[in-house]
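> Coordinates only, no sequence provided:
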């Protein structure tokens, strides 16, 4: 039955993907990509990958739509139409060839859920056995992510940080080209538009009331996901996205400028770097206590308690970095008037 | 019983998707996307019980809390844009020059 549900959802995904490619109206494409993300999360969930589904939920449902719309405000809504028929035929040929190759490759793949596959035989049983004894937390995914493969996650955090730096770098450039001389009337329109930009949805009662009511609960839930990641689905990446979503909601309601007054950009920049530094610092502390880099067992007298402390602290580092980067990207988009 | 509920939810999702694909106006699509999000919350809840793991309800809660932020962003976006050409799907000729300048 699960397989039937999965195939059904995947079919819907294919249809949505084709529609995204087909439409030339980018606003519609953004809405459809939101639906695509929901379907993806549902698929992950069907396959019992709750942590991944939670990440997809937190990023895809809220933040990516906001960022896409921010990009659309800066550019335009209609896709520029340019393609020659020769290009189209070549592209179609390449895509068809690759599709056939991928379909051919799937014939060699093991059956869905087969316990005898190499993936299930290699390190997975070891992780499952060792987690109960050495780390003693119910969520094996968190144990793998934070402890067994702590180096990988540290790398991921730095990748997130680098991506954030790259985007801030791109957006810090001021556009000089393409500025057309403005008539008086236009500049007047521009200034009223700027006043409107700063306000958010402040003058709309229902979004105001509902939104303001929900922000504290979203923040609380974000903290729950952050610190409950050892026991249920969740962790730093998801929590960072949820907390960032709460602040973005505030920015949408009250205007971007007010959100920046609550959490200024220098704080966000500090969070971006601070989380990554916190993570690395845990590793260095482990080394000072005669352990290996990121060997949390030495952090406390009892190795299992040490593991718990290490996982909580590095997850906090991950959460801080993700929140900082996502909010910085949001402000970079929202704070810009023109591309 | 959970299976019946799952199938019903999946069919509703498919119907919402049809509306999102067909349009005709942008608002239909926004509404369909919102509907899709609500159904996803339901689907997650049902599957959590179907698998006998109610602790996975966290996921449905995440969606319920976060899904409408996208809708707010759409509201803000529609308010921000200079022209009011959102009644129907904007085709090539429908976008005015001011809007295209940035690209």
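Nice, I can see it. Just so it is clear, the structure is predicted and the values come from calculations on it, not from any experiment. Residues are numbered from 1 along each chain as shown, chains lettered A, B, ... in the order given.
> does residue A:114 sit in a helix, a strand or a coil?
For residue A:114, the secondary-structure state derived from DSSP: H, G, I helix; E, B strand; the rest coil is coil.
> Any idea how many residues pack against it?
Applying other Cβ atoms under 10 Å in any protein chain shown, we find 10 other residues in the vicinity of residue A:114. The C-beta positions use only the backbone N, C-alpha and C, and glycine is treated the same way.
> Residue A:132 now?
Tallying neighbours of residue A:132 according to other Cβ under 10 Å, which is how burial is gauged here, yields 12.
> can you check residue A:287 too?
Residue A:287 is flanked by 13 other residues according to other Cβ under 10 Å.
> cool, residue A:303 as well?
By other Cβ under 10 Å, the residues close to residue A:303 number 17.
> can I assume it is in contact with residue A:297?
Yes. The criterion here is Cβ atoms under 8 Å, and residue A:303 meets it with residue A:297 at 3.8 Å.
> so who does residue 41 touch?
The chain I'm using is chain A. Listed by Cβ atoms under 8 Å, 6 or more residues apart in numbering or on different chains, the contact set of residue A:41 reads A:53, A:56, A:57, A:60, A:61, B:40, B:59, B:63.
> You answered for a different chain; I wanted chain B.
Residue B:41 makes contact with B:60, B:63, B:64, B:67 under the criterion Cβ under 8 Å, 6+ apart.
> tell me which element it is part of?
Following DSSP states H and E, the helix or strand that holds residue B:41 is helix B:26-50.
> what is the rounded mean pLDDT of that helix?
Helix B:26-50 comes out with an average pLDDT of 86.
> other SSEs contacting the next helix or strand after that helix?
Following the chain from helix B:26-50 toward its C-terminal end, the next helix or strand by DSSP H and E is helix B:57-80. Here helix B:57-80 is seen to pack against helix A:26-46, helix A:50-56, helix A:64-74, helix A:184-199, helix A:205-227, helix A:236-254, helix B:26-50 when contacts are counted using 3 or more Cβ pairs under 8 Å, 6 or more residues apart in numbering or on different chains; DSSP states H and E.
> My read is that residue A:307 contacts residue A:297, right?
Yes. Between residue A:307 and residue A:297 a contact is recorded at 6.0 Å, counting by Cβ under 8 Å.
> if you compare the helices and strands packed on helix B:57-80, which one is most tucked away?
Comparing the helices and strands packed on helix B:57-80 by mean neighbour count (mean count of other Cβ atoms under 10 Å in any protein chain shown), helix A:236-254 comes out on top with a mean of 26.
> how about it, does it reach chain B?
Yes. In terms of Cβ under 8 Å from any Cβ of the partner chain, part of helix A:236-254 sits within range of chain B, namely A:238, A:242, A:245, A:248, A:249, A:252, A:253.
> Adding distance to residue A:15, write these out as a markdown table.
Output for the residues of helix A:236-254 next to chain B, formatted as a markdown table (distance: Cβ to Cβ, whole Å):
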| residue | distance to residue A:15 |
| --- | --- |
| A:238 | 28 |
| A:242 | 29 |
| A:245 | 28 |
| A:248 | 30 |
| A:249 | 30 |
| A:252 | 30 |
| A:253 | 34 |
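> Go through these and say which is closest to residue A:219.
residue A:242 (8.3 Å; Cβ to Cβ).
> can I assume the closest one is in contact with residue B:66?
Yes. Contact between residue A:242 and residue B:66 holds when scored by Cβ under 8 Å: they sit 6.7 Å apart.
> anything in contact with each of these two?
Listed as contacting both residue A:242 and residue B:66 by Cβ under 8 Å, 6+ apart are A:58, A:218.
> Need the residue closest to the centroid of chain B.
The residue at the geometric middle of chain B, judged as the C-alpha nearest the mean C-alpha position with Cα atoms, centre = their mean, is residue B:33 (1.6 Å).
> Equivalent analysis for chain A, please.
The geometric centre of chain A, computed from its C-alpha atoms, lies nearest to residue A:59 (Cα atoms, centre = their mean), at 4.1 Å.
> Please list all residues in contact with that one.
A:37, A:241.
> If we use 10 Å, what do you get?
Contacts of residue A:59 were listed using Cβ atoms under 10 Å, 6 or more residues apart in numbering or on different chains, and they are A:37, A:41, A:65, A:67, A:237-238, A:240-242, A:244-245, A:322, A:326, B:66.
> tell me which of the residues you listed is nearest to residue A:147?
When these are compared for distance to residue A:147 (Cβ to Cβ), residue A:237 wins out at 15.6 Å.
> Just give me the longest helix of chain A.
Determined from DSSP state H, the single longest helix within chain A is helix A:303-334.
> And it, what does it pack against?
Using 3 or more Cβ pairs under 10 Å, 6 or more residues apart in numbering or on different chains; DSSP states H and E, the elements in contact with helix A:303-334 are helix A:64-74, helix A:140-143, helix A:150-171, helix A:205-227, helix A:236-254, helix A:256-262, helix A:265-288.
> Turn the ones you listed into CSV, columns for mean pLDDT and distance to residue A:88.
CSV is the format used below for the helices and strands packed on helix A:303-334 (pLDDT from 0 to 100; distance: least, Cβ to Cβ, whole Å):
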stretch, mean pLDDT, distance to residue A:88
helix A:64-74, 85, 25
helix A:140-143, 83, 43
helix A:150-171, 91, 31
helix A:205-227, 88, 43
helix A:236-254, 89, 38
helix A:256-262, 84, 41
helix A:265-288, 90, 42
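> I'd like to know which of these is closest to residue B:5.
Closest to residue B:5 of those, according to Cβ to Cβ: helix A:205-227, at 25.1 Å.
> Also compute the angle for that closest one relative to helix A:236-254, please.
Using axes from the mean of the first three to the mean of the last three Cα atoms, to 10 degrees, the inter-axis angle of helix A:205-227 relative to helix A:236-254 is 160 degrees.
> relative to helix B:57-80, how tilted is helix A:205-227?
With the same axes, to 10 degrees applied, the angle from helix A:205-227 to helix B:57-80 works out at 140 degrees.
> Now do helix A:205-227: which elements does it pack against?
Other helices and strands packing on helix A:205-227, by 3+ Cβ pairs under 10 Å, 6+ apart, are helix A:236-254, helix A:303-334, helix B:57-80.
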